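J.: Predicted model and sequence follow; I will ask about them next.
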Amino acid sequence: MVQTKHKMIEPADRRLTLREVLEGLYRDGLVGEKEVNELLINTPQNQGAFHPLVLIANQGWTVPGKPAQRLKLERLTEWLAHHVDMPYFRVDPLKIDVAGVTSVMSHAYASRFRILPVKVDENSVMVATSEPYVREWVKELTHVSRRKIRRVITNPNEISRYLDEFYGLSKSIREAVAEKGSDTPIGITNLEQLVELGRSGKLDANDQHVVSIVDWLLQYAFEQRASDIHIEPRRDAGKIRFRIDGVLHLVCEMPTPVLAAVTSHIKTLGRMDVG
């Protein structure tokens with residue numbers, strides 16, 4: 001019997017399955033038949049919250065005939081991008097405008113579709129995803145943002161991690177501002193006012209949101225192997241920079257009252273004179 005090849009039409013919205021990813025890797029010679037069959041047999045049909053790439057990366061496989069080439073998650077992500085003909089994007093948090101990207105969509109919306117905004121300008125929004133066949137959100141976001149949407153493929157673990165980090169930091173800063181008290185000026189015109197704000201108690205250095213910001217900064221600095229943290233107060237918004245390999249990188253900006261409370265909390269941790 002002669003079989004006629006028909007072009008496959010992808011459903012409008014569906015998540016990647018473990019089987020299709022394994023079959024694609026097998027066709028490209030990156031996994032062996034034995035490994036494919038064993039993983040399919042040993043993995044429940046409902047793979048839950050685990051992305052297929054994560055499940056495969058956790059096996060610690062190497063490319064057949066190339067024992068030095070391990071199938072790590074980042075390599076699998078690059079393969080997927082090429083496989084579905086989409087750009088590959090690796091998140092560099094030092095180059096992300098956290099305030100800008102988190103203003104494009106809510107945390108709940110981003111979590112629902114497992115997407116992460118990573119770049120925004122006047123005309124477009126770049127959104128990272130690890131689910132190339134989930135596209136429902138594109139039309140919605142195009143309408144709401146009135147910008148062109150550019151999709152890129154990113155490591156699913158990075159999407160989950162930075163969803164929490166970016167939106168968590170933005171939320172902490174917003175709520176710290178909200179709790180500062182309506183009679184506290186947002187703009188600080190001189191150093192004396194900045195010091196006075198720290199003494200006023202209107203924005204407590206031990207406020208839970210301020211503590212969350214400081215915890216994030218310290219953990220992030222450690223992960224990025226920063227040698228030092230620079231806190232630069234300004235009239236309207238302060239800047240926080242990390243020195244990495246001798247170069248200063250802007251990490252985030254925050255309203256000056258919040259920065260004052262952050263500075264006070266760091267001083268408290270270091271048992272310094274807050275005044």
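T.: Structure's in. What do you need? Predicted, not measured: the structure shown is a model, and the values here were computed from it.
J.: Show the contacting residues for the nearest residue to I153 once chain neighbours are set aside.
T.: For I153, ignoring the flanking residues on the chain, the nearest one in space by Cβ to Cβ, 6 or more residues apart in numbering is A81 at 3.8 Å. In this view, the C-beta of every residue, glycine as well, is placed from N, C-alpha and C. Shown in contact with A81 (Cβ atoms under 8 Å, 6 or more residues apart in numbering): 87-88, 152-153.
J.: Need those residues in JSON lines (columns: distance to P52).
T.: Output for the contacts of A81, formatted as JSON lines (distance: Cβ to Cβ, whole Å):
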{"residue": "P87", "distance to P52": "20"}
{"residue": "Y88", "distance to P52": "17"}
{"residue": "V152", "distance to P52": "18"}
{"residue": "I153", "distance to P52": "13"}
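J.: which among these gets closest to E131?
T.: Nearest to E131 among those, counting by Cβ to Cβ, is I153 at 9.2 Å.
J.: residue boundaries of the helices in the stretch 51-200 of the chain?
T.: 52-57, 73-83, 98-102, 107-113, 136-145, 156-178, 191-200 (DSSP state H, counting those that start in this stretch).
J.: Would you single out the least confident of the ones you listed?
T.: Sorting the helices of the stretch 51-200 of the chain by mean pLDDT places helix 191-200 lowest, at a mean of 37.
J.: if we can go back for a sec, of the helices of the stretch 51-200 of the chain, flag the one that's most buried.
T.: Comparing the helices of the stretch 51-200 of the chain on average neighbours per residue, with mean count of other Cβ atoms under 10 Å, the densest one is helix 52-57 at a mean of 21.
J.: Phi and psi next, for S264.
T.: In terms of degrees, to the nearest 10, the main-chain angles of S264 are phi -60, psi -40.
J.: what about it, neighbour count?
T.: S264 is flanked by 23 other residues according to other Cβ atoms under 10 Å.
J.: Kindly report the same for S103.
T.: Other residues close to S103 by other Cβ under 10 Å number 13.
J.: do R90 as well
T.: Counted by other Cβ under 10 Å, the residues lying close to R90 total 14.
J.: quick one, strands of this protein?
T.: Taking DSSP state E as the criterion, the chain contains strands spanning 62-63, 66-70, 115-120, 124-129, 148-153, 228-232, 237-244, 247-255.
J.: Serialize those strands to CSV and add fields for distance to V104.
T.: What follows is these, written out as CSV (distance: least, Cβ to Cβ, whole Å):
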stretch, distance to V104
strand 62-63, 38
strand 66-70, 35
strand 115-120, 5
strand 124-129, 5
strand 148-153, 10
strand 228-232, 26
strand 237-244, 20
strand 247-255, 17
